[in-house]
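Enquirer: Model the structure of this input:
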Amino acid sequence: MRSAGLAQAEAFLEMLSAERGAALNTLDAYRRDLEDAAGFLATRKTTLLSADSDDIRALIEDLADRGFAASSQSRRLSALRQFYRFLHTEGMRGDDPTGVIDSPRKARPLPKVLSVEEVSRLLEQAESDIAQAGTDFEKRQKIRFRALLELLYATGMRVSELVGLPERVLADGGRFLIVRGKGNKERMVPLSGPARAALAEWIEARNSARLDGDEEPEWLFPASSDSGHLSRQVFARDLKSLAARAGIPSRLVSPHVLRHAFASHLLANGADLRAVQELLGHADISTTQIYTHVLDERLRQLVTEHHPLAKSAINRDEARNPTLARGK
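Expert: Now for the predicted structure:
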């Protein structure tokens with residue numbers, strides 16, 4: 001170590017090795033983290049042993065300034081937390097300067113979203129697959145898949161909610177589904193015309209294949225599985241296969257991506273965020289707000305088209321540069 005705190009840091013590393021069985025690579029990583037921290041603290045005229053909370057905050061800010069990702073900053077902070085807890089436990093410090101430091105927030109990745117055109121291609125391919133089915137059994141399988149796809153895009157259900165729909169799930173003459181989500185909370189979601197038609201065709205095809213004496217189905221999409229209904233893995237596999245046939249990279253398509261598409265397309269067409277929250281079954285609206293990135297372009301267009309000052313600015317720009325007007 002390059003500053004005071006060397007003996008304490010070495011004692012900490014020995015504890016990790018002896019008591020926790022830390023691997024050599026882990027010990028080397030902790031040593032590098034502590035050495036780097038000691039070097040920065042030296043520029044603030046302090047040491048690992050005497051640093052306070054402001055020093056630790058400045059260290060984390062320095063890591064960010066140096067381009068360290070939030071995950072790397074969090075790992076460095078975790079190493080320091082363990083080091084200072086060790087010092088406190090061993091009576092080498094009376095406090096823990098990392099105790100009041102918040103972990104750096106990781107950037108929340110935007111969800112993958114299919115365009116309306118891409119979803120349309122999936123639905124058209126599912127329809128084409130039915131027409132090309134060779135046997136009655138194959139046709140029923142294709143009709144079932146098309147119904148699942150229509151329901152998923154029409155409702156934004158989680159795939160586990162979709163495949164686990166009970167038989168008696170329709171409400172109000174088939175215009176709504178009663179969905180049981182997380183925490184056994186029920187919500188009603190409306191069905192589009194195409195979804196109702198696809199579901200009705202599936203139920204007719206399924207019932208026509210039933211033999212006399214067969215029990216009433218418990219599930220809307222029954223299958224020979226431990227659960228008695230279609231598994232989400234089978235549906236996800238079939239969805240990727242459909243995407244490939246539709247000319248869409250299968251890595252971009254999953255049941256959850258269609259749930260994202262449902263929410264994003266609603267918001268892009270003017271739906272209220274609270275309504276989308278209810279439809280998705282989100283307990284907290286902050287979870288739904290991840291989809292608001294799709295509103296940026298729509299809001300920009302609204303301001304450009306309807307705000308009088310925005311219009312004036314556009315006209316002024318075109319007057320200064322006639323090329324802009326000709327390019328409209």
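
Enquirer: Every contact and neighbour count from this point should use C-alpha atoms.
Expert: Noted.

Enquirer: buried set for the host helix or strand of Glu117?
Expert: According to DSSP states H and E, Glu117 maps onto helix 116-131. Of all the residues in helix 116-131, those buried under the rule 16 or more other CA atoms under 10 Å are 118-119, 121-123, 125-127, 129-130.

Enquirer: Output these in JSON lines, with distance to Gln233 appended to each entry.
Expert: Shown next, in JSON lines, are the buried residues of helix 116-131 (distance: CA to CA, whole Å):
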{"residue": "Glu118", "distance to Gln233": "22"}
{"residue": "Val119", "distance to Gln233": "20"}
{"residue": "Arg121", "distance to Gln233": "22"}
{"residue": "Leu122", "distance to Gln233": "18"}
{"residue": "Leu123", "distance to Gln233": "20"}
{"residue": "Gln125", "distance to Gln233": "20"}
{"residue": "Ala126", "distance to Gln233": "18"}
{"residue": "Glu127", "distance to Gln233": "22"}
{"residue": "Asp129", "distance to Gln233": "20"}
{"residue": "Ile130", "distance to Gln233": "21"}
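
Enquirer: ok, back up a step: now do the buried residues in the helix or strand just after the helix holding Glu117.
Expert: Per DSSP H and E, helix 116-131 leads on to helix 136-155 as the next helix or strand towards the C-terminus. Using 16+ other CA under 10 Å as the test for burial, helix 136-155 gives 139-155.

Enquirer: pLDDT weak spots in the chain?
Expert: Applying pLDDT under 70 to the chain flags the ranges 1-6, 106-111, 212-213, 293-328.

Enquirer: go with 50
Expert: 1-3, 313-314, 317, 322-328 (pLDDT under 50).

Enquirer: So which residues of it form strands?
Expert: 170-171, 176-180, 186-190 (DSSP state E).

Enquirer: Tell me which other helices or strands the helix holding Glu117 touches.
Expert: Applying 3 or more CA pairs under 8 Å, 6 or more residues apart in numbering; DSSP states H and E, one finds that helix 116-131 contacts helix 136-155, helix 232-245.

Enquirer: make it 10 Å
Expert: Packed against helix 116-131 by the contact rule (3 or more CA pairs under 10 Å, 6 or more residues apart in numbering; DSSP states H and E) you find helix 136-155, helix 232-245, helix 255-268.

Enquirer: measure Ser231 to Pro255 for me?
Expert: For Ser231, the distance to Pro255 (CA to CA, to the nearest Å) stands at 12 Å.

Enquirer: With distance to Arg180 as added columns, please give the helices and strands packed on helix 116-131 in a markdown table.
Expert: Shown next, in a markdown table, are these (distance: least, CA to CA, whole Å):
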| stretch | distance to Arg180 |
| --- | --- |
| helix 136-155 | 13 |
| helix 232-245 | 16 |
| helix 255-268 | 16 |
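
Enquirer: nearest to Ala7, of these?
Expert: Nearest to Ala7 among those is helix 255-268; the distance by CA to CA comes to 51.5 Å.

Enquirer: and the closest one, what other elements does it pack with?
Expert: Helices and strands touching helix 255-268, by 3+ CA pairs under 10 Å, 6+ apart, are helix 116-131, helix 136-155, helix 159-163, helix 232-245, helix 273-280, helix 285-288, helix 295-306.

Enquirer: Buried residues in the fifth one, which are they?
Expert: If I follow you right, that is helix 273-280. Buried-residue list, helix 273-280, by 16+ other CA under 10 Å: 273, 276-280.

Enquirer: From those, pick the one nearest Met92.
Expert: Met92 lies nearest to Gln277 out of the buried residues of helix 273-280, by CA to CA, at 50.5 Å.

Enquirer: Could you check which of Ser231 and Pro255 has the larger neighbour count?
Expert: Between Ser231 and Pro255, counted using other CA atoms under 10 Å, Pro255 has the larger neighbour count: 24 against 20.

Enquirer: got the buried residues for stretch 48-67?
Expert: Counting neighbours by 16+ other CA under 10 Å, the buried set in stretch 48-67 is 48-49, 51, 55-57, 59-60, 63.

Enquirer: Next, give me the two most distant ones among those.
Expert: The widest separation within those (CA to CA) is 19.7 Å, between Leu49 and Leu63.

Enquirer: The helices and strands packed on helix 116-131: which one's closest to Ala198?
Expert: With CA to CA as the yardstick, what comes closest out of the helices and strands packed on helix 116-131 is helix 136-155 (4.8 Å).

Enquirer: So which elements touch the closest one?
Expert: helix 116-131, helix 159-163, strand 176-180, strand 186-190, helix 193-208, helix 232-245, helix 255-268.

Enquirer: Please work out the angle formed by the directions of it and helix 255-268.
Expert: Orientation note: helix 136-155 sits at an angle of 40 degrees relative to helix 255-268 (axes from the mean of the first three to the mean of the last three CA atoms, to 10 degrees).
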